[in-house]
Structures are given as structure tokens and as C-alpha cells.
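A.B. asks: Sequence first, then the predicted structure, then my questions.
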Amino acid sequence: MTPSSQTVLGRYSTAEQERMVREGFLAKMLRFGKKLPFAREAVASFHAMQDPKVPLGVRIAVVAPLAYFVIPTDMIPDFLLGLGFTDDALVFWAAWRSFRKHVTPVHYAKADEALGKTQGAPEDAPCV
């Protein structure tokens with residue numbers, strides 16, 4: 001799953017984005033996740049990205065919004081209290097609509113385990 005085409009993240013190829021997500025996504029999400037309303041869906045998407053049962057095109061589509069969360073140089077710096085993750089949330093929710101049907105209860109269960117919490121059924125997840 002490492003095509004070298006450029007994506008909306010400009011200077012980063014899909015392969016570079018995938019590497020950044022695999023290396024840094026979970027650590028950053030675990031650091032900030034409890035404060036983020038999209039944490040569960042994002043972590044479930046991360047697990048879907050790694051699931052070979054999910055179609056390749058979907059796994060590639062998941063990479064960009066997760067990479068946007070990981071990169072330190074996005075439109076609104078993450079360290080700005082109250083605003084820092086606003087752009088990350090907008091990017092994630094915009095992309096979420098295109099791949100959410102491929103995120104399964106198994107992916108949600110892995111997300112809940114990673115985040116150390118129990119939540120409602122996947123049907124309870126926000127639909128934006």
C-alpha cells in the first residue's frame with residue numbers, strides 16, 4: 001500500500017504519509033485523544049488502514065487525514081489551546097464520509113482498547 005503519487009498534503013507522497021501515520025499516529029492520539037471528539041473514529045480508521053480485508057483504495061484514502069493529524073506543520077498549530085485540533089477535525093470528518101462504511105466493529109473494538117475506554121456500539125458513532 002505504498003503508491004508514490006502526490007496527494008493533498010503537498011510535498012509528502014502517499015508512502016511518506018503512510019510511514020508517518022504508522023510511526024506517529026497512535027502515540028500522538030494517545031497523548032491528546034481524550035480531548036478530541038474524533039479520537040475513536042480516527043483510531044478505528046487507523047486500524048482499518050492496516051486491515052488487508054479493507055479494499056486498497058479505502059486504506060489509501062484513510063492515510064491522508066491521519067497523516068494531517070500527525071504532521072506538525074498544519075494550518076492551525078496543535079499547541080494552540082482550544083483551536084489547535086480544529087483543522088485536524090475538519091480534515092478528518094470531511095474524509096470520514098468517504099470511508100466510514102469500511103470501518104467495522106472489530107476496528108472500533110481495537111480503538112476502544114487502544115484508547116482504554118469502552119464506548120457505545122459503532123452505530124452510536126457520530127455521522128457527519
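C.D. replies: Done, it's in.
A.B. asks: Contact partners for V58?
C.D. replies: Contact analysis of V58 by C-beta atoms under 8 Å, 6 or more residues apart in numbering lists 48, 99, 102. Using the backbone N, CA and C atoms, a C-beta is placed for each residue, glycine as well.
A.B. asks: which of the residues in the helix or strand of the chain with the lowest mean pLDDT are buried?
C.D. replies: Within the chain, no helix or strand scores below helix 86-99, which has a mean of 85 by mean pLDDT, DSSP states H and E. Using 16 or more other C-beta atoms under 10 Å as the test for burial, helix 86-99 gives 87-93, 95-96, 99.
A.B. asks: can you check stretch 12-24 too?
C.D. replies: Those would be 12, 14, 16-21, 24, for stretch 12-24 by 16+ other C-beta under 10 Å.
A.B. asks: Show only the entries of those found in strands.
C.D. replies: The members of the buried residues of stretch 12-24 all map outside strands under DSSP state E.
A.B. asks: Closest to R40 out of the residues you listed?
C.D. replies: V21 (16.8 Å; C-beta to C-beta).
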